[in-house]
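> compute the structure for the input listed below.
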Amino acid sequence: MGARITKGRMMNILVTGAAGFLGSHLCDRLIKDGHFVIGMDNFITGSPRNLEHLAGNEQFLFIKQDVSNFIFAPGKIDAVMHFASPASPNKESRFGYPNLPIQTMKAGALGTHNTLGVAKAHYARYLLASTSEIYGDPAVNPQPESYWGHVNPIGPRSMYDEAKRFAEALVMSYHNFHSIDTRIVRIFNTYGTRMRLDDGRVVPNFIQQALRKEPLTVYGDGSQTRSFCFVDDLIEGIMRLFHSDETMPVNIGNPVEMSMLALADTINQICNNPAGIKFMKNLQLGNDPKRRQPDITKAKQILDWSPQVNVEEGIRRVLPYFKQEMGLAE
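Residues are numbered from 1 along each chain as shown. Next up, the predicted model:
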């Protein structure tokens with residue numbers, strides 16, 4: 001049922017979560033590539049500031065809407081890219097999904113259903129922004145796409161984990177039953193400009209503490225690991241997947257595993273922060289994965305993709321943004 005899309009042809013593309021950290025960068029890339037973008041967001045976690053630079057751009061139309069409600073998109077839609085969802089696990093942040101549990105479930109369930117409906121009506125290609133949280137607290141490291149995960153369905157992270165797992169199942173159901181031309185990207189930890197200062201995730205937290213010359217707060221012994229992908233690398237991987245013929249899930253992330261302690265040391269060194277590290281009792285969200293590292297063999301083979309920006313270079317690139325947001329710009 002899905003129409004064949006030729007790379008290089010201008011398309012009308014609906015992007016949900018357009019005012020978010022990743023969604024806004026995706027809009028920029030699509031516009032740069034010559035496409036017309038209909039951005040959709042209800043600003044529950046996204047920020048209007050992320051789209052200010054697109055005001056008056058003839059290739060961009062914004063619609064304020066909650067994707068859990070019926071979606072109408074004007075004109076012919078060639079592709080739908082569903083990025084709308086809270087994404088921060090931090091329970092201390094008002095933007096964290098522990099504080100937005102119902103909205104998170106609705107974005108993953110009703111939002112995915114509604115956006116798939118748009119794709120079905122328009123014979124459009126569909127791309128779902130899924131997550132490494134699909135794998136839960138993994139018993140396998142690194143995590144390949146074939147790993148089914150180790151997830152607590154009623155735990156404190158379940159509103160996000162299960163919303164995305166349901167979304168993947170629904171996408172594959174539409175692909176198999178309605179022949180929708182679908183893509184699923186499993187996104188691992190990503191950082192870059194346009195992250196909220198009060199997002200609550202580790203990179204903005206550490207950078208702000210380091211720029212204020214405060215000790216960086218590390219919970220537990222700092223041995224828990226993540227992999228950190230620079231946003232430009234992630235968007236490139238997503239675009240390659242979008243233009244590929246791969247319909248099964250693909251991991252996109254940085255395969256370099258890094259402990260929280262190593263990340264803190266790296267940021268302190270780059271920011272010339274002499275305050276060091278403060279260890280705190282681990283009061284983070286329950287079922288916090290102890291290890292997280294993508295197996296990107298599939299992305300390398302199918303998409304010829306691998307990240308180009310290492311963590312040290314990426315942190316240096318985002319520092320001017322955080323300094324400006326904090327009022328510390330020179």
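
> just the CA trace of stretch 14-23, in PDB.
Output of stretch 14-23 as PDB, limited to C-alpha atoms (Å, rounded to 0.1, in the frame of the first residue of the first chain):
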ATOM      1  CA  LEU A  14       4.200  15.500   9.000                       C
ATOM      2  CA  VAL A  15       6.500  15.600  12.000                       C
ATOM      3  CA  THR A  16       4.900  15.200  15.400                       C
ATOM      4  CA  GLY A  17       6.800  16.400  18.500                       C
ATOM      5  CA  ALA A  18       8.300  19.100  16.200                       C
ATOM      6  CA  ALA A  19       9.000  21.500  19.000                       C
ATOM      7  CA  GLY A  20      11.000  19.000  21.000                       C
ATOM      8  CA  PHE A  21      14.800  18.500  21.100                       C
ATOM      9  CA  LEU A  22      15.000  15.900  18.400                       C
ATOM     10  CA  GLY A  23      11.900  16.900  16.500                       C
END
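
> quick one: it to chain centroid distance?
10 Å (CA atoms, centre = their mean, to the nearest Å).

> do the same with stretch 214-230
Distance, centroid of stretch 214-230 to centroid of chain: 19 Å (CA atoms, centre = their mean).

> quick one, strands of the stretch 101-250 of the chain?
In the stretch 101-250 of the chain, the strands defined using DSSP state E, counting those that start in this stretch lie at 125-131, 182-187, 190-191, 216-219, 225-226, 229-230, 250-252.

> most tightly packed of those strands?
Scoring the strands of the stretch 101-250 of the chain by mean neighbour count under mean count of other CB atoms under 10 Å gives strand 250-252 as the most buried, with a mean of 27. Yep, even glycine has a C-beta here, placed from its N, CA and C like the rest.

> which helices and strands sit right next to it?
strand 182-187, helix 231-242 (3 or more CB pairs under 8 Å, 6 or more residues apart in numbering; DSSP states H and E).

> now the ones you listed in JSON lines, with mean pLDDT and distance to Ile302?
Listed next are these as JSON lines, based on pLDDT from 0 to 100; distance: least, CB to CB, whole Å:
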{"stretch": "strand 182-187", "mean pLDDT": "98", "distance to Ile302": "11"}
{"stretch": "helix 231-242", "mean pLDDT": "98", "distance to Ile302": "8"}
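
> export those to CSV and tack on distance to Tyr174?
Listed next are the helices and strands packed on strand 250-252 as CSV, based on distance: least, CB to CB, whole Å:
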stretch, distance to Tyr174
strand 182-187, 7
helix 231-242, 17
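
> can you redo the strands of the stretch 101-250 of the chain as CSV with distance to Phe83?
What follows is the strands of the stretch 101-250 of the chain, written out as CSV (distance: least, CB to CB, whole Å):
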stretch, distance to Phe83
strand 125-131, 4
strand 182-187, 9
strand 190-191, 12
strand 216-219, 28
strand 225-226, 20
strand 229-230, 15
strand 250-252, 13
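
> wait, which of those strands is closest to Phe322?
Phe322 sits nearest to strand 190-191 of all these, at 10.3 Å, using CB to CB.

> run through who's touching the closest one.
21-22, 201, 203-204, 228-231, 234, 253, 314, 318 (CB atoms under 8 Å, 6 or more residues apart in numbering).

> contacts for the helix or strand of the chain with the lowest mean pLDDT?
Counting by mean pLDDT, DSSP states H and E, the weakest-scoring helix or strand in the chain turns out to be strand 225-226, with a mean of 88. Outside strand 225-226, the residues that touch it by CB under 8 Å, 6+ apart are Phe188, Asn189, Val202, Glu257, Met258, Ser259, Met260, Leu263, Lys290, Arg291, Arg292, Gln293.

> what lines up beside that strand in the sheet?
Strand 225-226 has its sheet partners listed here by DSSP bridges as strand 258-259 (antiparallel).

> next helix or strand past the partner strand?
helix 260-270 (DSSP states H and E).

> got the CA coordinates for that next one in CSV?
C-alpha atoms of helix 260-270 as CSV (Å, rounded to 0.1, in the frame of the first residue of the first chain):
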residue,chain,number,x,y,z
MET,A,260,28.6,8.1,34.6
LEU,A,261,31.8,8.5,36.5
ALA,A,262,33.8,8.7,33.2
LEU,A,263,31.3,11.2,31.8
ALA,A,264,31.5,13.4,34.8
ASP,A,265,35.3,13.4,34.7
THR,A,266,35.2,14.3,31.0
ILE,A,267,32.9,17.2,31.4
ASN,A,268,34.8,18.5,34.4
GLN,A,269,38.0,18.4,32.4
ILE,A,270,36.5,20.2,29.4
